[in-house]
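Enquirer: any chance you can model this:
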Amino acid sequence: MLKSQRRNVSEDPQTIRRSSSRLSSTDELLLNIPIDVIIDIFSRLPLKSIARCGCVSKRWASLCLTKSLVRPQLLFARQKENEVLFSSSPQPQNFGENVSLIATNHVRFPVEHVYDISSSFNGYLCISHYRILDGIKTRELVSMICNPSTKQSFTLPKMKTRKMTAMRSFLGYDPVEKQYKVLATILDKSGVDHQCCGPSSSYINRTLEPHYDLGPDYICINGVFFYMASASSYNDTLVCFDVRSEKYSFVNFMERGMLPATLINFQGKLALVKSSAPSFLSGISASLEMWILEDPEKHEWSKRIFILPPMWKDAPAKEFLQFVGVTATNEFAFAHPFPSDIFHVYYYIFVKEVITRVEIQGMGAFEKVSRVHIFLNHVEDVKLM
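Expert: Below is the predicted model of the structure:
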């Protein structure tokens, strides 16, 4: 079930209010300690210990979920034959000289025949995979929601379709109603079907003009899904799906040269970014082009060009990098989708025109597996499903 995510956090993070009800001894102790000291103590604890502290009382749970304890992470997901391997490392905060980080918190999820892993959202991910049920010879494609922090997962209801040949599931969040929803696009012989699964834990058909999916890239920004598709007229278009109203709209691209590109969240707005070689970056790449969606209703875009600094030629050497995303402080991140024993993430700080290379150590658990999925700004959620 996709339950509402409601957090009982005091509006003033510097105070813990007394309630009229009788306080437990642990709550009384908590009230006698300055809030900044408590937050500092909790921030030093491993995630599992923080989750246990949240079980003491509602007051402790409220404190454990405060934003002051949120630490953005780099999340890595790699798939093996019958499992998905998760690992994480601190997200760099001070960009300058090349640094090294250690990947820890190795978590294994038993998942058969992974088809797709969608973007991380509020600590949760959506994984689509094939499963074989007892007594049934054919495989069926299903989706599951997982939380690497708590090592929990659950499988979503089965789609309302009979002849599914492919499926992609997107996890999104409605910030107004505080609800998670999954949008599934289903490909069959007749075209593409669309279904939405919300708190009722059942899929509902959401019909729109027939169109064909262009690729795995999608993003959810402020309660709106964005992904690229081809309309019935075979013209490329941007599909917008409002998570709250479950209604579709379309945005035209400014020019044909905008595609192929990667969808990103740039300062709270949807943006498309690409290099001179659309599908990858290398040492010979000279610039980045970015189109920012200024007004979806008027189909208005603005364009920016970022000239890569001279040091870029030496940073990735002979590597072919793909665009990973943008950090909360607007650093562009790139990485090789099939890393070797030495795993690097490159950051381009366009304000300072600086390139930083971050070496990720401790990835030995991910040797001899397939592609690595990298998620920026991953926020761990200790709340149990």
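
Enquirer: domain map for the chain?
Expert: Split into domains by automatic domain parsing, the chain comes to 25-68, 70-378.

Enquirer: would you tell me which one of those is buried the most?
Expert: The highest mean neighbour count among these, using mean count of other C-beta atoms under 10 Å, belongs to domain 70-378: a mean of 17. In this view, the C-beta of every residue, glycine as well, is placed from N, C-alpha and C.

Enquirer: for residue 242, name its beta-bridge partners.
Expert: In this structure, residue 242 bridges to residue 224, residue 247 when assessed by DSSP bridges.

Enquirer: try residue 153
Expert: Assessed by DSSP bridges, residue 153 has beta-bridge partners residue 146.

Enquirer: can you give me every residue that contacts it?
Expert: By C-beta atoms under 8 Å, 6 or more residues apart in numbering, the contact list for residue 153 reads 109, 144-147, 385.

Enquirer: and of those, the nearest to residue 183?
Expert: If you rank these by distance to residue 183 using C-beta to C-beta, residue 145 comes first, at 13.1 Å.

Enquirer: quick one, grab the pLDDT at that closest one.
Expert: Looking at residue 145, its pLDDT stands at 93.

Enquirer: I figured it hits residue 154, correct?
Expert: Yes. Counting by C-beta atoms under 8 Å, residue 154 is a contact partner of residue 145 at 5.9 Å.

Enquirer: what residues are up against residue 159?
Expert: Residue 159 sits next to 141, 167, 184, 186, 195, 203 when contact means C-beta under 8 Å, 6+ apart.

Enquirer: likewise residue 267?
Expert: By C-beta under 8 Å, 6+ apart, residue 267 lies in contact with residue 330.

Enquirer: against residue 226, how distant is the nearest residue to residue 256 once chain neighbours are set aside?
Expert: Excluding the flanking residues, the one nearest residue 256 by C-beta to C-beta, 6 or more residues apart in numbering is residue 236, at 7.8 Å. Distance of residue 236 to residue 226, computed by C-beta to C-beta, to the nearest Å: 13 Å.

Enquirer: same list (the contacts of residue 153) but as JSON lines, adding distance to residue 217.
Expert: Formatted as JSON lines, the contacts of residue 153 follow (distance: C-beta to C-beta, whole Å):
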{"residue": "109", "distance to residue 217": "23"}
{"residue": "144", "distance to residue 217": "21"}
{"residue": "145", "distance to residue 217": "20"}
{"residue": "146", "distance to residue 217": "21"}
{"residue": "147", "distance to residue 217": "23"}
{"residue": "385", "distance to residue 217": "27"}
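
Enquirer: between those residues, which is nearest residue 252?
Expert: Distance to residue 252, by C-beta to C-beta, is smallest for residue 145 among the contacts of residue 153, at 33.1 Å.

Enquirer: hmm, who's touching stretch 348-365?
Expert: With contact meaning C-beta under 8 Å, 6+ apart, stretch 348-365 is reached by 74, 76, 85, 87, 89, 92, 95-104, 106, 288, 306, 308-309, 311-312, 315, 330-334, 339, 341-347.

Enquirer: with respect to the domains of the chain, which exhibits the lowest mean confidence?
Expert: Lowest mean pLDDT within these: domain 25-68, a mean of 63.

Enquirer: for residue 88, list each beta-bridge partner.
Expert: Under the criterion used (DSSP bridges), residue 88 bridges to residue 75, residue 104.

Enquirer: the chain should start at 34 in everything you say after this.
Expert: Yes, from this point I'll number from 34; that puts the last item at residue 121.

Enquirer: now do the contacts for it.
Expert: Taking C-beta under 8 Å, 6+ apart as the contact definition, residue 121 lies against 106-109, 136-138, 181, 411, 413.

Enquirer: go again with 10 Å.
Expert: Contact partners of residue 121, counting by C-beta atoms under 10 Å, 6 or more residues apart in numbering, are 80, 104, 106-110, 134, 136-140, 181-182, 408, 411, 413.

Enquirer: OK, contacts around residue 354?
Expert: 308, 313-316, 318, 348, 366-370, 377-379.

Enquirer: so which of those residues is the closest to residue 252?
Expert: Among the contacts of residue 354, residue 366 lies closest to residue 252 (C-beta to C-beta), at 14.5 Å.

Enquirer: in three-state terms, label that closest one for me.
Expert: The local conformation at residue 366, judged by DSSP: H, G, I helix; E, B strand; the rest coil, is strand.

Enquirer: confirm for me that it is in contact with residue 295.
Expert: No. The pair formed by residue 366 and residue 295 falls short of the contact definition of C-beta atoms under 10 Å, at 11.0 Å.

Enquirer: which neighbours do the two share?
Expert: With C-beta under 10 Å, 6+ apart as the test, residue 366 and residue 295 both reach 356-359.

Enquirer: in the stretch 84-233 of the chain, which spans are strands?
Expert: 106-112, 116-123, 132-135, 137-143, 147-150, 158-164, 173-180, 185-188, 199-207, 212-221, 224-230 (DSSP state E, counting those that start in this stretch).

Enquirer: looking at these, which is closest to residue 299?
Expert: Nearest of those (C-beta to C-beta): strand 199-207, 18.2 Å.

Enquirer: now for that closest one, which elements pack on it?
Expert: Packing partners of strand 199-207 (3 or more C-beta pairs under 10 Å, 6 or more residues apart in numbering; DSSP states H and E): strand 147-150, strand 158-164, strand 173-180, strand 212-221, strand 224-230, strand 244-254, strand 257-264, strand 269-275.
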